[in-house]
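1. Pasting a predicted model and its sequence here:
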Amino acid sequence: MTETILQTRQLGKRYGKRWAVKNLNLEVCRGDVFGFLGPNGAGKSTTIRMLLSLIRPTEGEAEIFGYPLKSSRSEALQRVGGIVEKPDFYQYLSAYKNLEILGSLSGGVDRKKIYEVLELVGLSNRAVDKVKTYSHGMKQRLGIAQALISDPELVVLDEPTNGLDPQGMKEVRDLIIYLSRERGKTIILSSHLLNEVEMVANRMAIINKGELVVQGDVNALLNEGDKSVILHAEPQQKVIAVLKSKEKLFKSYDVREEDKFEIIMDFIFIPELNKALVDAGVQVNALIPMRSLENLFLSITENASQV
Amino acid sequence: MSKLIYSELVKLFLKKRTYIGFGIVLLIVPLIEIAMKLEGGRFLTIAMRGMSRDFLFFGNLFNGWFVAHQIMNSLWFHIPLLISFVAGDQLAGEATAGTYRLILIRPVSRTRIFIAKYITTLIYTVVFVFFLAVLSIGLAIILLGRGDLIIILRGVLILPESDVAWRFLTAYLLAAWTMITIASLSFFFSSFVENAIGPIVATMGVLIIFTVISVIPVEFFEIPKNYLFTKYLDMWQKVFQNPVPWEEIKNGILFMGAWSLGCMLCAWIVFERKDILS
């Protein structure tokens, strides 16, 4: 049976009258790459700050490795590493010195371990350079290095690809996959980049306006609910005429723009629809199946915001 | 705990900001002492103008001890300012730099981090005060030699040279003790703001207000001023009285200690409960 290593129960944080996070019940199991998704301002960082004891919950509780965070903070965080929002360091110190200082707060680390994590994130050749000379991408990687310095079992990464170029984002994603598969780490990845989570996570939760919208297995959630196709075609009248004549192929459709339609339908009927459109003299520019997490995420957050 | 204190000391003493105070003292003290040497005792002559008509003074009264004693007057305002510059940065500096997010997610308790930072602040304060002591006394004696110490404060007192060194040592120990109170106050302000300028301004603001209340001869302030730390800020001066008012100094030590402890405890409560939003 899969071991639950992080659990929150009715976790909430209130600032004045506003609840930043409310009634949050999360469950992360050993070995998970747990995507924690939400639009900006949804409460992801507030949740992570509570999980890493930077802020105190107003209500509810969190348990890590079986230790309640409130009463056994040190024990709960003993096997946890993390990065919260943007990576800030002691700019006037080298990467090595930063990691040495941070390692001392986790019981101390030796030179070999420091170089090992720097090597892992590709910074070992810049170990003695002051952090103020680092680019944003290098600081982001150093942020991951400091999260790994105490060899934690659970790594909490809050928007680790923020501000990185596509190559940098890919490197971080590859690193997450490596840490999960090769090093056996459990990872919580907070992000508003949906494709990123889809690429690396096996389980996920979506949060919106501080409340949990959905939680579960990524593949199961992906195959849940309606699938849609985005159709780029013209002229509009001909397209609508075809759609009206082929109503059995889809559930519903919506005209998004002059030449853009969203059609709720099963993907197996795409070829038949395409043929009907072409036969009717419609110029089909694109037929895009939308089965990604992005579609799910957008629909869920849109629905949640309408409630 | 020793590892934590070592880490804090490394962070403190590898930061350029830490050396601003040392740099200023290193610049100002020699400047004052060289200027005094070049003036050739004119400062002392002006100070004693009224008395030289009635008394004859023999020997080298304008000497290193006298100048070093004058420099101790910087303990009223200038040295507190420089100390608050570092003490006020101890907690607020982490918030400004965003490094709270690195250190407070570690398994070590906030209390231990707080204690390490407070002890580091105390170490800095004591080192800084004794740096002033060694530099001002050492250089003054090299430049102006030694002799009896003349104290001009509500009258004239001349202390024989053999009776001076221990008084300076004791005075600087007491000065360090009073500066710890200033550092603790600044540390307290540092605990609940997120930039280091606030604690400096707040500390100096409190120092100015308390000093004004303490020196203004208004009956309304008579009772409150007995509870302000400025009452014993000049505790070091009393070592240069004859006889030394040890009972008063003992009270001053306890009083300033209570202020330091109070500030430290308040800072600890704030720090423990603080939500890290920076």
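-> Ah, there it is.
2. use CA for all of it now, contacts and neighbours both
-> Will do.
3. shaky segments in the stretch 1-150 of chain B?
-> B:40-61 (pLDDT under 70).
4. swap the cut-off to 80 and go again
-> B:37, B:39-62, B:74-77 (pLDDT under 80).
5. Over to chain A?
-> A:1-2, A:108, A:163, A:193-195, A:220-227, A:290-307.
6. Helices of that one, residue ranges please.
-> A:44-51, A:73-77, A:95-104, A:111-120, A:136-148, A:166-181, A:194-200, A:218-222, A:236-245, A:270-279, A:293-306 (DSSP state H).
7. Between these, which one is closest to residue B:6.
-> helix A:95-104 (9.0 Å; CA to CA).
8. got the contact list for that closest one?
-> Contact with helix A:95-104 is made by A:89-90, A:108-110, A:114-115, A:126-131, A:142, A:146, A:149-150, B:3-4, B:7, B:102-103, as judged by CA atoms under 8 Å, 6 or more residues apart in numbering or on different chains.
9. what do you get if the cut-off is 7 Å, keeping everything else the same?
-> With CA atoms under 7 Å, 6 or more residues apart in numbering or on different chains as the contact definition, helix A:95-104 has outside contacts at A:90, A:109, A:114, A:127-131, A:146, A:149-150, B:3-4, B:7, B:103.
10. Mind checking which of those residues are buried?
-> A:90, A:109, A:114, A:127, A:129-131, A:146, A:149-150, B:4, B:7, B:103 (16 or more other CA atoms under 10 Å in any protein chain shown).
11. Of the residues you listed, which pair is most distant in space?
-> Between all members of these, the farthest pair (by CA to CA) comes out as A:129 and B:4, at 23.2 Å.
12. For chain B, which segments count as helices?
-> B:2-13, B:18-39, B:42-47, B:64-71, B:78-87, B:89-97, B:100-103, B:110-144, B:165-191, B:197-215, B:246-273.
13. I'd like these as TSV, with distance to chain A appended.
-> Below are the helices of chain B laid out as TSV (distance: least, CA to the nearest CA, whole Å):
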stretch	distance to chain A
helix B:2-13	6
helix B:18-39	12
helix B:42-47	44
helix B:64-71	33
helix B:78-87	16
helix B:89-97	7
helix B:100-103	6
helix B:110-144	9
helix B:165-191	15
helix B:197-215	18
helix B:246-273	8
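14. among the ones you listed, which is nearest residue A:63?
-> Nearest of the helices of chain B (CA to CA): helix B:110-144, 18.8 Å.
15. List the buried residues of that closest one.
-> So, applying 16+ other CA under 10 Å, buried residues of helix B:110-144: B:110, B:113-118, B:120-122, B:124-126, B:128-130, B:132-133, B:135-137, B:139-141, B:143-144.
16. Could you report the neighbour count for residue 273?
-> Picked chain A for this. Residue A:273: 18 surrounding residues under other CA atoms under 10 Å in any protein chain shown.
17. that answer is for a different chain, and I need it for chain B
-> 12.
18. Can you name the residues of chain A that neighbour chain B?
-> Contact residues (CA under 7 Å from any CA of the partner chain) of chain A with chain B: A:52-56, A:73-75, A:77-78, A:84, A:88-89, A:92, A:101-102, A:104-106.
19. Phi, psi for the residue of the stretch 151-278 of chain B found nearest chain A please.
-> In the stretch 151-278 of chain B, no residue comes nearer to chain A than residue B:275, which is 4.3 Å away by CA to the nearest CA. Torsion angles at residue B:275 (phi, psi; degrees, to the nearest 10) stand at phi -90, psi 130.
20. Could I get the contacting residues of it?
-> A:54-56.
21. likewise residue B:94?
-> residue B:100.
22. Could you do the one 5 residues further on as well?
-> With contacts taken as CA under 7 Å, 6+ apart, residue B:99 has the following neighbours: A:88-89.
23. Go again with 10 Å.
-> A:87-91, B:93, B:278 (CA atoms under 10 Å, 6 or more residues apart in numbering or on different chains).
24. Filter these down to the buried ones.
-> Judged by 16+ other CA under 10 Å, buried ones among those: A:87-91, B:93.
25. thought residue B:168 was touching residue B:138?
-> No - the criterion here is CA atoms under 10 Å, and residue B:168 misses it with residue B:138 at 11.8 Å.
26. anything in contact with each of those two?
-> With CA under 10 Å, 6+ apart as the test, residue B:168 and residue B:138 both reach B:65, B:68.
27. related to what we said a few turns ago, tell me the one among the contacts of helix A:95-104 nearest to residue A:157.
-> Out of these, the member with the shortest distance to residue A:157 (by CA to CA) is residue A:146, at 11.1 Å.
28. who's in contact with residue 163?
-> You didn't pick a chain, so chain A it is. A:86, A:136-137, A:140, A:169.
29. Switch to chain B, please.
-> Contacts of residue B:163 by CA under 10 Å, 6+ apart are B:148-149, B:240.
30. would you turn these into CSV with distance to chain A?
-> Formatted as CSV, these follow (distance: CA to the nearest CA, whole Å):
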residue, distance to chain A
B:148, 47
B:149, 45
B:240, 43
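31. From those residues, list just the buried residues.
-> B:148-149, B:240.
32. I'd like to know how many residues surround the spatially closest residue to residue A:62 that is not a sequence neighbour.
-> Of all residues not flanking residue A:62 in the chain, residue A:8 sits nearest, at 4.2 Å (CA to CA, 6 or more residues apart in numbering or on different chains). Number of residues near residue A:8 (other CA under 10 Å) recorded here: 21.
33. Correct me if wrong: residue A:8 contacts residue A:61.
-> Yes - if you go by CA under 10 Å, residue A:8 and residue A:61 touch, sitting 5.7 Å apart.
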